[in-house]
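# Take a look and give me a structure for this.
(chains A and B)
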Amino acid sequence: DGGITQSPKYLFRKEGQNVTLSCEQNLNHDAMYWYRQDPGQGLRLIYYSQIVNDFQKGDIAEGYSVSREKKESFPLTVTSAQKNPTAFYLCASRWEGSEQFFGPGTRLTVL
Amino acid sequence: AQSVTQPDIHITVSEGASLELRCNYSYGATPYLFWYVQSPGQGLQLLLKYFSGDTLVQGIKGFEAEFKRSQSSFNLRKPSVHWSDAAEYFCAVGTLGTNAGKSTFGDGTTLTVKP
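Modelled structure (predicted):
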């Protein structure tokens, strides 16, 4: 089955630690996106990538980093510089001309 | 800059009643509009989309939406709500080819269905 997978589903991190969230898609989509979702708020764009080895900052990139070494993969690292990282993180992808397709999300909790 | 407003944070309807969720957008060109649904702890699922053509679009699960350019609105409707429709609903405006296909999302409307 084609789709987007995110792992892990739940992630716990101690303050001061970096953590990496995985996003993989087998839909052959060129573009991929990372969003952050907080209660009562919509989705806010963190980073996006239109092609391999290229990515751009979204609206709230501070404290996050990404890489796009393969078309299928777009991992997100939440660094210790992110002041309030506890949130639900969603990955999405699309081909040109389509809507975005979303993964199931990762809930990150900082202890 | 594009923006989306969902005026209703929370709506409660009785099972079997009709539903309308409001969405207003601001966008400088022809908008591409979407409605997504999200169950707790899950990702977003596309209900329907408007790209061009007929302004009344049909989606999955019996939902429909009407694009009204003069009112900058894209309201979601369902004639008879089922208990399984309880979820959070997001309206989004976006681009397809330009601007990297980015979408802007509203803050969502939480739907509660009373038995």
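# Can you give me the neighbour number for A:Gly97?
10 (other Cβ atoms under 10 Å in any protein chain shown). In this view, the C-beta of every residue, glycine as well, is placed from N, C-alpha and C.
# tell me the SS of it?
Three-state assignment for A:Gly97 (DSSP: H, G, I helix; E, B strand; the rest coil): coil.
# Check what pLDDT it gets.
Predicted confidence (pLDDT) at A:Gly97: the value is 78.
# quick one: low-confidence parts of chain B?
The model of chain B has pLDDT under 70 over residues B:96-100.
# Please name the nearest non-neighbouring residue to the residue nearest the centre of chain A.
Residue closest to the mean C-alpha point of chain A, counted by Cα atoms, centre = their mean, is A:Trp34 at 3.3 Å. In space, and not counting its chain neighbours, A:Trp34 is closest to A:Ile46: 4.3 Å by Cβ to Cβ, 6 or more residues apart in numbering or on different chains.
# In which helix or strand does that neighbour reside?
A:Ile46 belongs to strand A:43-51 when assigned by DSSP states H and E.
# residues touching residue 49, list them.
In the absence of a named chain, chain A is used. A:Ala31, A:Met32, A:Tyr33, A:Phe55, A:Gln56, A:Val66, A:Arg68, A:Phe74 (Cβ atoms under 8 Å, 6 or more residues apart in numbering or on different chains).
# try chain B instead
Neighbouring residues of B:Lys49 by Cβ under 8 Å, 6+ apart: A:Glu99, B:Tyr32, B:Leu33, B:Phe34, B:Trp35, B:Val57, B:Gly59.
# now the angle between strand A:43-51 and the strand or helix carrying B:Trp35, please.
Per DSSP H and E, B:Trp35 falls inside strand B:32-38. In terms of direction (axes from the mean of the first three to the mean of the last three Cα atoms, to 10 degrees), strand B:32-38 departs from strand A:43-51 by 120 degrees.
# now what about strand B:32-38, what contacts it?
Everything outside strand B:32-38 that qualifies as a contact, by Cβ under 8 Å, 6+ apart, is A:99, A:102, B:21, B:23, B:25, B:44-51, B:59, B:61, B:63, B:65, B:67, B:74, B:76, B:87-96, B:103, B:105, B:108.
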